[in-house]
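# Return a 3D structure for these sequence lines:
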Amino acid sequence: MDIKGNNISIIGAVRSGIGAAKLAKKFGAIPFVSDSSDRQRLQRSILQIESERIDYECGIHSEKVFDCDFIVTSPGIPTESEILSKAKERKIKIISEVEFASWFCKGKIISITGTNGKTTTTALMAHTLNECGLKTYSAGNIGKAFSEIVLDVKEEEFVALETSSFQLDFIDQFKPFFSIILNITPDHLDRYQNRFENYIASKIKISENQDENDFFLFNADDYNTYSTMKNKRVQKLSFSLKKEVPAGAYSKNGKMFFSWFGSTEEVCSVTDLFIKGEHNVANALAVLSIAKTLNLPNKKIRESFKSFKGVEHRIEFVRELNGIEFYNDSKATNVDSVTVALKSFNKPIYLILGGKDKGNNYDQIRNLVKQHVKKIYAIGISAQKVKNYFAQIVETEIKESLESCVITAREEASPGSVLLLSPACASFDMFEDYEHRGRVFKEAVNRLS
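Sure, this is the predicted structure:
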């Protein structure tokens, strides 16, 4: 893709925005980065932008944004935000950072989306393929932005790409070799006019440019992932915890199997998977489906499942102090993820909830909270909503920061209990992203003495 001399406006000055700006400059384009956050919040980003001698603005989206050939938007920018709405009115082309980076990708893309499990599946995919001898990078919402690593990827190599609905909203030519939808449950409804069907439509876009040479893998146990499948050309695979599938992977009687239109083989046992929980078995089946489609050996797949220890910010053990265990589940940005986290402990839980609410319905975890949670610390712009809902069920206190949650819980929790950050909300009200939120939490925990 020739972008030399193009003026490219990049909305958002955090990880993906900076990666896109650097990539644009490398290919001779003229990037301009615009972020409405204030200078203090963007200090680290500004240092990088200035070191690259890239033009930028912060604290405002000025008219200069629209003086461009096209816009690259970051996933943290709402689809219906004022700046993007104005760009649409002026008929300026808008693309996501993953779309932009894909123009320069020589390797094969494994694009992974879903309401839950994306990060773990992406990490496990990269780990398994690498252990089996296929050089694979992980990028997207996990680790580095796609635009940061895309030029490192050689023709015979792979990228396991965690892809959010926000990134899929603005794709154009994005064409993965493998596309995967793990599951779809209500999430981000604040970004989709409180309409679940709009959210589903975004997820389904992952396969819209694929053809008969590509593969689409869906969850056969999740009605929403297969009932709205639009692309009829792509080769279809599926995975299931409940039934046999014609092509793909399934579990039965504690074993994992791979089937390919009449031929079935046992690949490994569920107990070979180091990370526990039924949700992780489903994630592993998705990985197994791709690994076996690539004809990778069963022994290597088993060994990689055994050696994978999980991902940062997903029910991550931080430390134990005076009999209290501290867990970082910052990746839990919706109620479904909190359900998984609460079911993972048989100890009293002190729970940190709140952030940028995405239209959450807390009825789903009401009984779990009643049974397992001793106290809730509510944070962020949704703190009052959290308190209003849970105060009649369990003691709930609004806190100003994660640090104050940690300090108070250390004083109030008894030995044998858990402090769990599992916020059910996005992080953009207080932090750069969920990783930043998780790091702040862990730093606060590790400062305790």
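
# mind checking which helix or strand of this protein has the lowest mean pLDDT?
Here the helix or strand of the chain ranked lowest by mean pLDDT, DSSP states H and E is helix 223-226, holding a mean of 79.

# What is the distance between it and the centre of its chain?
How far helix 223-226 lies from its chain's middle: 19 Å, per Cα atoms, centre = their mean, to the nearest Å.

# go on, stretch 116-126?
Distance of stretch 116-126 from its chain centroid, counting by Cα atoms, centre = their mean, is 9 Å.

# For the helix with the most length in the chain, what is the distance to the chain centroid?
Counting residues, the longest helix in the chain under DSSP state H turns out to be helix 278-293. Chain-centre distance of helix 278-293: 17 Å, with Cα atoms, centre = their mean.

# Toward the C-terminus, what is the element adjacent to that helix?
Using DSSP states H and E, the helix or strand that follows helix 278-293 in sequence is helix 298-307.

# Report the angle between that next one and helix 278-293.
150 degrees (axes from the mean of the first three to the mean of the last three Cα atoms, to 10 degrees).

# what pairs with the nearest residue to Phe317 once chain neighbours are set aside across the strands?
Nearest residue to Phe317 in three dimensions, chain neighbours excluded: Tyr327, at 5.9 Å (Cβ to Cβ, 6 or more residues apart in numbering). Heads up, the C-betas are built off the backbone N, CA and C, glycines and all. The partner list for Tyr327 in beta bridges (DSSP bridges) reads Phe317, Leu420.

# thinking again about what came up before, which helices and strands does the longest helix of the chain pack with?
Packing partners of helix 278-293 (3 or more Cβ pairs under 8 Å, 6 or more residues apart in numbering; DSSP states H and E): helix 118-131, strand 178-181, strand 215-219, strand 235-240, strand 247-252, strand 255-260, strand 263-269, helix 298-307.

# I would like the residues contacting it, please.
Applying Cβ atoms under 8 Å, 6 or more residues apart in numbering, the set of residues contacting helix 278-293 from outside is 110, 112, 116-117, 120-121, 124-125, 128-129, 132, 178, 180, 182-183, 215, 217, 219, 221, 237-241, 248-251, 256, 258, 260, 267-268, 270, 273, 301, 305, 340.

# ok, now stretch 251-270?
By Cβ under 8 Å, 6+ apart, stretch 251-270 touches 240-241, 244-250, 271-272, 281, 284-285, 288-289, 292, 298, 301-302, 305.

# can you do 7 Å?
Residues from elsewhere that reach stretch 251-270, judged by Cβ atoms under 7 Å, 6 or more residues apart in numbering: 241, 244-250, 271, 281, 284-285, 288, 292, 298, 301-302, 305.

# For it, give the mean pLDDT please.
Stretch 251-270 shows a mean pLDDT of 96.

# So what's the gap between it and the chain middle?
That offset, for stretch 251-270, works out to 28 Å (Cα atoms, centre = their mean).

# Tell me the bridge partners for the residue lying closest to Tyr226 once chain neighbours are set aside.
Residue nearest to Tyr226 in three dimensions, not counting chain neighbours: Phe218, with 5.0 Å by Cβ to Cβ, 6+ apart. On the basis of DSSP bridges, Phe218 is bridged to Ile181, Ser238.

# Ser238 is in contact with Phe218, correct?
Yes. Phe218 is within contact range of Ser238, at 5.4 Å (criterion: Cβ atoms under 7 Å).

# quick one: which of the two has more around it?
Phe218 (28 against 24; other Cβ atoms under 10 Å).

# show me the residues around the more buried one that make contact.
181, 225-226, 229, 238.

# and it, how far is that from Ile180?
8 Å (Cβ to Cβ, to the nearest Å).

# on that earlier part again, tell me which of the helices and strands packed on helix 278-293 approaches Arg39 most closely.
helix 118-131 (30.4 Å; Cβ to Cβ).

# name the helices or strands packed onto whichever helix or strand comes after that closest one?
Next helix or strand after helix 118-131 toward the C-terminus (DSSP H and E): strand 136-140. With contacts taken as 3 or more Cβ pairs under 7 Å, 6 or more residues apart in numbering; DSSP states H and E, strand 136-140 sits against helix 118-131, helix 146-149, strand 158-162.

# Need those in CSV (columns: distance to Asn198 and mean pLDDT).
Putting these into CSV (distance: least, Cβ to Cβ, whole Å; pLDDT from 0 to 100) gives the following:
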stretch, distance to Asn198, mean pLDDT
helix 118-131, 19, 96
helix 146-149, 24, 97
strand 158-162, 21, 98
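
# Output the below-cut-off pLDDT ranges for the stretch 151-300 of the chain.
By pLDDT under 70, the weakly predicted segments of the stretch 151-300 of the chain are 186-194, 227-231.

# Distance of the residue located most distally from the centre of the chain relative to Ala247?
Distance to the chain centre peaks in the chain at Gly262, reaching 34.4 Å (criterion: Cα atoms, centre = their mean). Distance of Gly262 to Ala247, computed by Cβ to Cβ: 10 Å.

# Kindly report the same for Ala284.
Ala284 is 17 Å from Ala247, by Cβ to Cβ.

# How about the contacts made by the closest residue to Leu273 other than its chain neighbours?
Computed as Cβ to Cβ, 6+ apart, the closest residue to Leu273 that is not its neighbour in sequence is Phe305, at 4.8 Å. For Phe305, the contacting residues are 268, 272-274, 284, by Cβ under 7 Å, 6+ apart.

# Apply 10 Å and report the result again.
In this structure, Phe305 makes contact with 124, 127-128, 131, 256, 267-275, 280, 284, 287-288, 291, judged by Cβ atoms under 10 Å, 6 or more residues apart in numbering.

# out of those, which are buried?
124, 127-128, 131, 256, 267-268, 270, 272-273, 275, 280, 284, 287-288, 291 (16 or more other Cβ atoms under 10 Å).

# Of the contacts of helix 278-293, select the buried ones using a ChimeraX command.
Buried residues among those (16+ other Cβ under 10 Å), as a ChimeraX selection:
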select :110,112,116,117,120,121,124,125,128,129,132,178,180,182,183,215,217,219,221,237,238,239,240,241,248,249,250,251,256,258,267,268,270,273,301,305,340
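
# Spatially nearest residue to Tyr250 (excluding sequence neighbours)?
Using Cβ to Cβ, 6+ apart, the nearest residue to Tyr250 is Ser240, at 4.5 Å.

# Surely Asp152 touches Thr136?
No. Between Asp152 and Thr136 no contact is recorded; they are 11.6 Å apart, counting by Cβ atoms under 10 Å.

# Those two: which has the busier surroundings?
Thr136 (21 against 14).

# what's across from the more buried one in the sheet?
Phe158.

# Nearest to Ile54, out of the helices and strands packed on strand 136-140?
Comparing these by Cβ to Cβ, helix 146-149 comes nearest, at 13.3 Å.

# helices or strands next to the closest one in the packing?
Judged by 3 or more Cβ pairs under 10 Å, 6 or more residues apart in numbering; DSSP states H and E, helix 146-149 is in contact with helix 15-26, helix 97-102, strand 136-140, strand 158-162.
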